[in-house]
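# Below is the structure, and that's it, no one-letter string:
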């Protein structure tokens, strides 16, 4: 008996003529996710994807890794056996013994993809049900809400006996939607936004703004730890750490205090776009949510958007904090996000920020930074050139 993993696709089933290319990317992503635990063979047949562990790869590790691969609706461990009821029936009881022993009710679900198999699906269910009841007399049949569903699938090459399905990550395979650059902070929202865009098939790079000595090395490490969690789902992420102190101090020294946050965000977007294009990204990603803070009112977002000439994706824009925190807990970033290491977004926060800034006045206030003695353009070029790059890989 070989034990393999069967993959149930979600949205990929709707991709029509493009489905094959999506499945090819998904297969590569599965192999990458499992690679730290050993090799696997990934193959497709009859609209199903199969994963076979090789050379001692532990199937439990493989299942745990694959459950975080986007593009999969569900997955099941399954025993692969000869298409013969004399082999299938005893294997069912051996392979599912723990589940059947501890259950009170069960049902059998049969799928006969190979129409040459002598028994039809209802007959397979009847024979298997009778066999199981004879060996587990404490069980009773419940076709509506059973404790255990025994699935027997007859395919062209073999028969498969399924264990209980595990919910997959859903979404689309990472790499099928292009690349986006996440403006990552140490807060709760931007890691969640990163995860949500990876779920839509986007490869991720990231940009973080550091303002030493106002921000610490621990704040930088915190961002890396957050990205390691996200990378468990998205794959590796190229992180760009931008030295932002000089620009931030100039904004503080020469711009109106109540406009500091919006102007700072506009310069962050300008720099992030330069880095994004160098990294092959087609959009920026932000963790902003309407009305959550003063810089996230519609007027403020209008002002920051005006600094961009590429799309800014805001997947949490309509979510409240409770909804965002729920996802942060799911992806295990919440406890890291609440560590008390400040990022540059909290540096020089005005006491009374404008909640309804006017774009024309913001642009007028920024003109002071263009003076020769300040020369913010030179500061931006220097910051981009001094940006440190590190590849963040999944935490094992």
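Yes, it's here. Keep in mind the model is a prediction, meaning the values are calculated, not measured.

# can you list the domains in the chain?
Domain assignment of the chain by automatic domain parsing yields the ranges 2-169, 179-392.

# Just send the ones you listed back as TSV, with mean pLDDT and mean neighbour count too.
The way it works is simple: take the backbone N, C-alpha and C, and place the C-beta from them, glycine included. TSV is the format used below for the domains of the chain (pLDDT from 0 to 100; neighbours: other CB atoms under 10 Å):
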stretch	mean pLDDT	mean neighbour count
domain 2-169	93	17
domain 179-392	93	19
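
# if I've got this straight, residue 90 is in a helix?
Yes - looking at residue 90 with DSSP: H, G, I helix; E, B strand; the rest coil, it is inside a helix.

# Can you tell me how far it is from residue 81?
9 Å (CB to CB, to the nearest Å).

# ok, now residue 347?
63 Å.

# In this model residue 396 seems to touch residue 36, though I could be wrong.
Yes - in this structure residue 36 lies within contact range of residue 396 using CB atoms under 8 Å: 5.6 Å.

# what's the overlap in contacts for these two?
Overlap between the contact sets of residue 36 and residue 396, as judged by CB atoms under 8 Å, 6 or more residues apart in numbering, is nil.

# What about residue 396, how many residues nearby?
9 (other CB atoms under 10 Å).

# and it, how far is that from residue 199?
Distance from residue 396 to residue 199, by CB to CB: 21 Å.

# List the contacts of stretch 269-279.
Outside stretch 269-279, the residues that reach it (CB under 8 Å, 6+ apart) are 179-181, 183, 205, 207, 209, 238, 240, 242, 244, 282-284, 304, 307-310, 312, 380, 383-384, 387.

# Distance of the spatially closest residue to residue 203 that is not a sequence neighbour relative to residue 318?
Nearest-residue entry for residue 203: residue 179, 4.4 Å, with adjacent residues in sequence omitted and distances by CB to CB, 6 or more residues apart in numbering. According to CB to CB, residue 179 stands 24 Å off from residue 318.

# Quick one: the strands in the stretch 51-200 of the chain, in order.
72-81, 105-112, 140-141, 148-154, 159-162, 166-170, 179-183 (DSSP state E, counting those that start in this stretch).

# For residue 354, which of those is the nearest?
Checking the strands of the stretch 51-200 of the chain against residue 354 by CB to CB gives strand 179-183 as the closest, at 20.8 Å.

# The closest one: partners in the sheet, and parallel or antiparallel?
strand 203-210 (parallel), strand 283-285 (parallel) (DSSP bridges).

# Disregarding flanking residues, what is the spatial nearest neighbour of residue 13?
Per CB to CB, 6+ apart, closest to residue 13 is residue 19, 7.2 Å.

# before we move on, which element is that neighbour in?
helix 19-34 (DSSP states H and E).

# contacting residues for residue 11?
71, 170-172.

# who touches the spatially closest residue to residue 338 that is not a sequence neighbour in this structure?
Residue nearest to residue 338 in three dimensions, not counting chain neighbours: residue 188, with 7.3 Å by CB to CB, 6+ apart. Residues near residue 188 by CB under 8 Å, 6+ apart: 287, 321, 324-325, 328, 333-334, 337-338.

# Next one: residue 188 from residue 226, what distance?
From residue 188 to residue 226 the distance is 10 Å (CB to CB).

# Strands along the stretch 251-396 of the chain, start to end?
Counting by DSSP E, counting those that start in this stretch, the strands of the stretch 251-396 of the chain are 283-285, 312-313, 388-392.

# For these, could you give me a markdown table that also reports distance to residue 260?
Below are the strands of the stretch 251-396 of the chain laid out as a markdown table (distance: least, CB to CB, whole Å):
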| stretch | distance to residue 260 |
| --- | --- |
| strand 283-285 | 21 |
| strand 312-313 | 20 |
| strand 388-392 | 25 |
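
# can you tell which of those strands is closest to residue 120?
Nearest to residue 120, of the strands of the stretch 251-396 of the chain and by CB to CB, is strand 312-313 at 49.5 Å.
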